[in-house]
Structures are given as C-alpha cells and as structure tokens.
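Novice: need a 3D model of the sequence below.
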Amino acid sequence: MDDERYFVIPLSIQPEDADFLIGSAEMDEFYQVPVQGRDIVTMLQQGRTPAEIKAGLAAEGGIMVDVDDFVAMLREIGFIYPIADAGGHRQRLAGREEDKRILFDADPRIARAAFSMPAFACYAAVVGYAVYLAFADPALRVDFDAFFIERNLALTLVLLLVLSSLAVALHELGHMLAAARLGVRSRLGIGHRLWNIVAEADLSGIWALPKRQRYLPLMAGMLVDVLVIALVTIGIAALRREGETGFPVLLLQALVLQIVVTIVWQFNLFLRTDVYYLLSNYLSYPNLDADARIYLRDRLHRISGGRLGARADGAGYKSVRVLRVFSVLWVVGRIGALAVLVLIFVPTLVRYAVKSYEAYRDPAASMYTVYDLGIFVLLSAIILAAGMYMWLRRRWPARREQSQ
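Specialist: Below is the predicted model of the structure:
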C-alpha cells in the first residue's frame with residue numbers, strides 16, 4: 001500500500017475552527033479531520049503515495065496522524081480508490097439502494113430572488129403589518145385555547161392536517177430554496193422524530209459550504225413559519241372584518257397555534273431539529289448527536305458493569321465537555337417526551353375513545369356526534385400508531401444484532 005497511488009473523488013474541504021470538514025455532497029458523507037488529515041487528502045489528490053506522504057509529513061516536523069490507518073479509513077468510506085479501480089466510485093454509487101426521496105433542484109436564480117433583499121423587505125412588511133393588527137386587536141393574537149374544541153372534531157382534525165401539511169411543505173421549501181440559492185441540491189422525504197411523523201429536507205450538501213453560508217438554509221424553515229403565521233393572521237383579520245367569527249376563524253386560529261407549537265418544537269435539541277443543526281454548526285460539531293449516542297452507550301456500559309451499552313475506547317470525540325452537556329439534554333429530553341406521551345397524550349386519546357363509546361351507547365346522541373367522535377379517535381390512533389411503527393422499526397434490527 002505504501003507505493004500505491006490513489007484516485008480521489010471530488011471532495012469539499014472546509015475549515016471548521018482548528019479542524020477541517022471533508023466530504024462529498026454526492027455521497028452525503030462528511031467527516032471532521034485534523035489539519036494533517038486535510039494535508040494527507042491534499043497530497044493524495046496531488047498523486048503522492050502513502051510512503052511519499054509519510055516522508056513529507058516527517059520533514060515538516062513529525063507525524064501525528066497514522067497515515068496508513070487514515071488512508072484505510074478513506075478507502076472504506078469510498079473517498080479514494082486505487083488508480084486501477086478508478087471507476088469504483090461510480091459502481092459504488094450505482095450499487096446503492098435507490099433513494100426514493102424527492103430530488104429538489106431549483107434554478108439558483110429563482111432561489112436567489114426568493115431570498116433577495118427586496119424579497120426580505122416584502123416579507124418584513126407583511127410580518128410588520130400582522131404584528132400591528134395583532135397589537136390593535138387582541139382577538140388576532142395567538143389563541144392558546146385554539147385546540148380545545150367541542151364540535152366538529154373530525155372535520156377540524158382533517159382540515160388542520162391538510163393546512164398544517166401545507167405549512168410544513170412551505171417550511172421545507174424554505175430550507176431547500178435557501179440551499180438552492182448556493183447551488184446545493186436537496187431531497188425531501190418523510191421521517192420521524194421519536195413517534196412524530198415529519199417531513200424532512202436533507203440538506204447534507206450544505207456542509208460543503210463555508211460555515212457562515214450554512215446558517216440561512218438552516219434557519220429558513222422557521223423564517224417561513226413566521227411569514228405563514230403573519231399571512232394567516234392577516235387572513236383572520238379580513239374574515240373578522242366581514243363579520244365571520246365561526247368555524248373558519250377557529251380553524252385558522254388552530255393553524256396559527258399549530259405553527260407556533262412547531263416553532264417551539266424546533267428547540268428540542270435532542271431530536272436533531274433545525275435549532276440542533278444551528279447549534280452543531282455554531283460549535284463546528286456536525287456529528288454531535290452521533291457522538292452523544294456513542295458516549296452515552298459507553299457510560300451505560302461502565303455504570304452497568306458491562307451488562308448494558310457498549311465500550312467506546314478510543315472514540316475520537318471533538319469535545320467531551322460539550323458532549324457531557326448535550327448528553328444530559330439528550331436523556332432529559334427523551335424522558336420528558338415519553339412522560340408527555342404516557343401521562344398526557346395517551347390518556348387524552350383514551351378519554352376521547354371513552355367519550356366516543358358513550359355517545360355510541362347513548363340513544364339521545366345524534367349520529368353526527370357519534371361519527372364525529374369516532375372518526376376523530378380513529379384518525380388520531382392511526383397517526384400515533386404509524387409514528388410508533390416508524391420509530392420502533394429501526395430499533396428492531398439493532399436489538400436482533402445485539403442479541404446474536
């Protein structure tokens with residue numbers, strides 16, 4: 001291997017504080033390496049052999065990185081190939097499982113127009129007008145009781161799902177357009193955060209950009225959320241001026257509250273939300289969540305005397321201090337989320353199910369009430385079951401591998 005020359009696939013190399021982020025947007029693979037790791041990749045790109053690289057690093061003042069191990073790691077990742085196997089990269093990409101997510105490849109000129117200064121001035125004017133309306137009329141402010149409804153439960157749930165899905169689509173579109181303005185293609189798919197089903201835009205390609213340029217694509221979704229809240233508020237004001245205070249207004253108020261909840265949800269750092277990625281970018285720690293999981297498994301292994309978790313001797317953590325703080329948030333956050341599920345959400349769903357059954361058995365109850373409650377409970381249960389299935393499905397193979 002010392003005398004072998006390598007073909008290096010197209011890679012981006014971006015400074016990350018004292019380290020460098022090296023990766024391939026095409027493969028959606030990015031890794032943080034020290035300065036000498038960057039130097040090794042650069043010399044491989046220049047056509048040098050590992051033996052020549054060792055000699056060059058030694059002449060510069062010592063070798064801190066094991067060149068052979070680092071080259072082997074690059075080969076395993078698929079960043080380099082022996083010259084004789086230069087076509088292996090395309091074969092490896094072709095052999096990958098087909099990505100079923102939607103590819104978003106907007107014209108950068110359109111994307112830049114959507115995030116231009118004149119466009120931001122228009123957005124600010126809309127938000128400012130909505131704030132003025134809400135200040136003048138308290139009825140236009142966020143109604144924190146908007147989810148507490150007594151009638152039209154099923155209809156409200158269905159329409160709210162449709163409207164909130166449109167709001168989510170605009171949220172993800174904001175992310176993808178902001179990335180497209182910098183020439184980064186993204187993919188849109190369906191995923192989950194614990195048992196919550198979410199739409200998610202894969203913005204892995206932005207890690208090939210300089211650090212400062214990543215912030216807008218990461219923040220764009222929440223900026224769009226604020227704009228949508230403003231537009232809906234203006235819509236509610238228009239309806240109220242026409243004398244409408246019934247179901248349409250109540251539905252739009254519920255939509256505003258739903259989007260507010262979505263924005264607050266983004267601050268759950270333990271779920272790899274938008275704010276989590278902003279934090280990991282600020283800390284120059286793209287693998288923060290993955291390292292925290294390794295760190296916690298190692299802590300569990302030590303505490304349990306080797307009965308649980310897994311040892312992680314030699315794990316190359318970027319910052320143990322950051323990991324300790326984030327790991328506490330990770331554990332406490334998940335415990336809190338489980339508590340909300342078990343103590344609030346499930347009991348509430350059970351109460352609605354009991355209420356539905358009582359309406360079914362009550363001769364005085366109208367058929368509309370029976371169907372309204374029944375469909376509401378059924379849809380809520382389906383959504384929860386689907387989310388739980390997606391959450392647990394990834395854990396079953398891991399549990400089987402650990403038991404073998």
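
Novice: so the chain: which segments form each domain?
Specialist: With domains defined by automatic domain parsing, the chain comprises 6-94, 100-270.

Novice: now these in a markdown table, with mean pLDDT and distance to residue 331?
Specialist: Heads up, the C-betas are built off the backbone N, CA and C, glycines and all. A markdown table is the format used below for these (pLDDT from 0 to 100; distance: least, CB to CB, whole Å):
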| stretch | mean pLDDT | distance to residue 331 |
| --- | --- | --- |
| domain 6-94 | 82 | 24 |
| domain 100-270 | 92 | 8 |
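
Novice: mean neighbour count and distance to residue 363 added to these, as CSV?
Specialist: As requested, the domains of the chain are arranged in CSV below (neighbours: other CB atoms under 10 Å; distance: least, CB to CB, whole Å):
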stretch, mean neighbour count, distance to residue 363
domain 6-94, 16, 60
domain 100-270, 17, 20
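
Novice: these into a markdown table, with extra columns for distance to residue 310?
Specialist: Output for the domains of the chain, formatted as a markdown table (distance: least, CB to CB, whole Å):
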| stretch | distance to residue 310 |
| --- | --- |
| domain 6-94 | 20 |
| domain 100-270 | 20 |
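
Novice: can you give me the strands in the protein?
Specialist: In the chain, strands defined by DSSP state E lie at 6-8, 12-16, 19-24, 29-33, 80-82, 102-104, 186-193, 196-202, listed in chain order.

Novice: and the fifth one, how far out from the chain's middle?
Specialist: Yep, that's strand 80-82 we're talking about. The chain centroid and the centroid of strand 80-82 are separated by 32 Å under CA atoms, centre = their mean, to the nearest Å.

Novice: cool, the last one as well?
Specialist: Between the mean C-alpha location of strand 196-202 and the chain-wide mean there is a distance of 7 Å, by CA atoms, centre = their mean.

Novice: I figured residue 31 hits residue 21, correct?
Specialist: Yes. Under the criterion of CB atoms under 8 Å, residue 31 is in contact with residue 21, at a separation of 7.4 Å.

Novice: mind checking which of the domains of the chain is nearest residue 391?
Specialist: Comparing those by their distance to residue 391 (CB to CB), the top pick is domain 100-270, with 4.6 Å.

Novice: please export the C-alpha coordinates of stretch 103-120 as PDB.
Specialist: As requested, C-alpha coordinates have been extracted for stretch 103-120 and formatted as PDB (Å, rounded to 0.1, in the frame of the first residue of the first chain):
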ATOM      1  CA  LEU A 103     -34.900  15.500  -5.500                       C
ATOM      2  CA  PHE A 104     -35.200  19.300  -5.300                       C
ATOM      3  CA  ASP A 105     -33.000  21.000  -7.800                       C
ATOM      4  CA  ALA A 106     -34.400  24.600  -8.300                       C
ATOM      5  CA  ASP A 107     -32.900  27.200 -10.500                       C
ATOM      6  CA  PRO A 108     -30.400  29.100  -8.300                       C
ATOM      7  CA  ARG A 109     -31.600  32.400  -9.900                       C
ATOM      8  CA  ILE A 110     -35.200  31.800  -8.700                       C
ATOM      9  CA  ALA A 111     -33.900  30.800  -5.300                       C
ATOM     10  CA  ARG A 112     -31.700  33.900  -5.000                       C
ATOM     11  CA  ALA A 113     -34.700  36.100  -5.900                       C
ATOM     12  CA  ALA A 114     -36.700  34.500  -3.200                       C
ATOM     13  CA  PHE A 115     -34.000  35.400  -0.700                       C
ATOM     14  CA  SER A 116     -33.000  38.700  -2.100                       C
ATOM     15  CA  MET A 117     -33.100  42.000  -0.100                       C
ATOM     16  CA  PRO A 118     -36.200  43.300  -1.900                       C
ATOM     17  CA  ALA A 119     -37.900  40.000  -1.100                       C
ATOM     18  CA  PHE A 120     -36.900  40.200   2.600                       C
END
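
Novice: quick one: mean pLDDT for stretch 366-377?
Specialist: Over the span of stretch 366-377, the pLDDT mean works out to 91.

Novice: for residue 74, give me its contacts.
Specialist: The neighbourhood of residue 74, defined by CB atoms under 8 Å, 6 or more residues apart in numbering, consists of 41, 44, 80.
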